[in-house]
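Asker: Test case, fold it:
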Amino acid sequence: MKIERLKYWSLVALAFFPIVDFLLRKVPFLGSVWDDLILVGLAALALGRYLAGDRFEQLPYHRILTGFILLGIAYLAIGLSTFTIDLEGFRAIYTYSFYAFILPFLIDKDLAGKLIRYSLYAGLIIGLHGVYQYITKAPMPPGWVDATETVRTRAYSIFGSPNIMGSYMIMMFPMAAGMAWASRSTKERLFFGFVAFITLAALLFTFTRGAWLALFVALTVTAALFNRRLLILILIGAVAALLIPQIQDRIFNLFDPLYWQKAARDGRIARWLTAYDAMRYNPFFGAGMGHFGGAVAARHFDIRYVDNYYMKTLAEMGLLGLSVMLALFGTVIRNLYTRIFKPLQARQEWPLLLGMFTSVLAVLVQNAVENVFEVPAMNFLFWFIVSLTVILTGSSEKEASQK
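Answerer: I've put the predicted structure just below:
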C-alpha cells in the first residue's frame with residue numbers, strides 16, 4: 001500500500017512538473033535529480049508489473065520509438081571519444097520518452113483523468129502568474145521586442161522565457177477548453193472554462209508569434225479533421241486577435257523586410273543555415289548528440305541555440321537521426337488520430353481528446369521555430385500527454401475491436 005501511495009504522489013508531482021521543478025531547483029542536489037529518481041522508481045514498478053505478466057497494447061509509435069532509442073545508443077558507441085558530452089546529449093533527447101513505456105503499466109483510465117486535471121491546475125497557477133506579470137509590467141530584457149514595437153512586457157512566469165511559456169500554454173489551453181466542453185456539471189464547465197480563458201490570456205501576453213501560429217495551425221488541422229464548420233470560428237478568433245494593436249504589431253512585423261534582414265544576419269534564419277552547414281560535414285550521422293544548437297552544446301562549446309529543434313537534430317544526428325525522429329512524431333500523430341477520430345462519436349470525453357490531440361500537434365509545430373524539447377518540462381509533458389491520450393482511448397479501442 002505504501003508503494004502505491006508513493007507511486008500516486010510521484011505521478012502527481014509529474015503532473016505539476018513545471019512548478020515542482022522550479023521549486024526543487026532551488027534545493028542543492030535534489031533539484032537536478034528529483035525527476036531522475038521518480039523515473040527510476042516508476043520504471044522499477046513497471047518492470048515488476050511486466051515480470052508479473054502484465055502487458056500493454058503497443059502501438060506503431062512504440063516500435064519506432066524503440067528504434068529511435070537504439071539509434072541513440074548506436075550514436076553513443078560511435079562517439080566514444082566524446083562520450084561524456086554525447087551522453088548528456090542522449091539524456092536531453094531521450095530521458096522523458098521512456099515514460100511512453102512506463103506509464104501504461106502504472107496508470108488506468110480513472111487515474112489518467114485525474115492526472116490531466118492536476119496538469120490543468122498547474123496550468124492555471126502558471127497562467128495566473130503570467131497574467132499578473134503582464135498587468136504589473138514585469139521587467140524584461142530589451143532584446144525580447146523590437147524597438148519599433150509597442151509591447152510593454154511579455155509574460156514568462158517560472159520558465160524565464162516567453163517562448164517556452166507560450167509553448168506551455170498551447171498545451172494547456174486546448175486541454176482546458178476540451179475539459180470544459182466535456183464536463184458534465186455546470187460547476188466544472190465554469191471552472192475549466194476559466195482555466196481555458198486564463199491560459200489563452202497568458203498565451204497572448206507572452207507575445208510569442210511561434211506559439212500563436214503553432215496553435216492556429218493545430219486548431220485548423222483538428223477542425224478540418226473533425227468538423228470543418230469549426231474553421232469559421234477559428235478564423236473569427238484569429239481576426240479578433242488581430243484587432244488588438246500589440247498582437248497586430250507582432251504579426252505584421254513578420255512582413256517587414258527589415259525583420260527578415262535581421263533574421264538572416266543574426267537571427268533564426270542565420271542559425272538554421274549554420275545548423276545546415278554543420279550537418280554537411282557529416283550528413284549521415286551529424287556532429288554528435290549534444291554538440292550543436294542546444295543546452296548541452298551551449299555549456300560545452302558556447303554554441304547558440306538553433307531555435308528549431310528539427311534543425312538542431314539535423315546538425316547533431318544527421319539525416320538519419322532526423323528522418324527517424326520525423327517518422328516517430330508522424331506516427332504518434334497518426335496513431336492518436338486513429339484512436340481519437342474514428343470512434344469519436346461514441347466517446348463521452350471526445351472534446352478533451354480533441355484538445356489533447358491539438359496540444360500534441362501544436363508543440364510539434366512550434367518545435368520548427370523553437371527548441372521546445374530542450375526544456376525538461378516540455379519534453380516530459382509531450383510524452384505524458386501522448387501516453388495519457390493512449391490510455392484514455394484504450395478501453396474504447398478494445399471494445400471496438402471485439403465487435
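Asker: Could you use CA atoms for every contact and neighbour count after this?
Answerer: Will do.
Asker: buried ones in the helix or strand harbouring residue 300?
Answerer: Residue 300 belongs to helix 295-301 when assigned by DSSP states H and E. Buried positions in helix 295-301, judged by neighbour count with 16 or more other C-alpha atoms under 10 Å: 295, 296, 297.
Asker: give the contact list for the closest residue to the second one other than its chain neighbours.
Answerer: What that stands for is residue 296. Of all residues not flanking residue 296 in the chain, residue 290 sits nearest, at 5.0 Å (C-alpha to C-alpha, 6 or more residues apart in numbering). Taking C-alpha atoms under 8 Å, 6 or more residues apart in numbering, we find residue 290 in contact with 85, 86, 87, 88, 89, 90, 296, 297, 316.
Asker: What helices and strands are in contact with the helix or strand containing the last one?
Answerer: Secondary-structure element containing residue 316, defined by DSSP H and E: helix 309-341. For helix 309-341, the contact count by 3 or more C-alpha pairs under 8 Å, 6 or more residues apart in numbering; DSSP states H and E identifies helix 60-78, helix 268-280, helix 350-366, helix 376-402 as packing neighbours.
Asker: what is the mean pLDDT for that helix?
Answerer: Taken as a whole, helix 309-341 has a mean pLDDT of 96.
Asker: Give me the angle between that helix and helix 268-280.
Answerer: Relative orientation of helix 309-341 versus helix 268-280 (axes from the mean of the first three to the mean of the last three C-alpha atoms, to 10 degrees): 100 degrees.
Asker: Would you mark the buried spots in helix 309-341?
Answerer: So, applying 16+ other C-alpha under 10 Å, buried residues of helix 309-341: 309-319, 321-322, 324-325, 328-329, 331-333, 335-337, 339-341.
Asker: Just the angle for it relative to helix 376-402, thanks.
Answerer: Using the same axes, to 10 degrees: helix 309-341 against helix 376-402 is 30 degrees.
Asker: List of residues touching the helix or strand hosting residue 19?
Answerer: Secondary structure from DSSP H and E places residue 19 in helix 17-24. Identification of contacts with helix 17-24 by C-alpha under 8 Å, 6+ apart yields 13, 14, 30, 31, 34, 122, 126, 158, 159, 377.
Asker: what angle separates that helix from helix 376-402?
Answerer: 150 degrees.
Asker: So for residue 179, what's the nearest residue that isn't a sequence neighbour?
Answerer: residue 352 (4.9 Å).
Asker: hang on, the one you found packs against residue 172?
Answerer: No - Residue 352 lies out of contact with residue 172 (C-alpha atoms under 8 Å); the separation is 11.3 Å.
Asker: Of those two, give the one with the bigger neighbour count.
Answerer: Neighbour count, other C-alpha atoms under 10 Å: between residue 352 and residue 172, residue 172 has more, with 30 against 24.
Asker: still on that earlier bit, in the helix holding residue 19, what's buried?
Answerer: Under 16+ other C-alpha under 10 Å, the buried positions of helix 17-24 are 17, 18, 19, 20, 21, 24.
Asker: Which one of those residues is nearest to residue 216?
Answerer: Set against residue 216, the nearest of these by C-alpha to C-alpha is residue 18 (24.0 Å).
Asker: The contacts of helix 17-24 in helices, which ones?
Answerer: 13, 14, 30, 31, 34, 122, 126, 377 (DSSP state H).
Asker: Could you grab the helix/strand/coil label for the residue nearest to residue 296?
Answerer: coil (DSSP: H, G, I helix; E, B strand; the rest coil).
Asker: Give me the distance between residue 206 and residue 188.
Answerer: 27 Å (C-alpha to C-alpha, to the nearest Å).
Asker: More neighbours: these two, which one.
Answerer: Per other C-alpha under 10 Å, whichever of residue 206 and residue 188 has more neighbours is residue 206, with 27 against 15.
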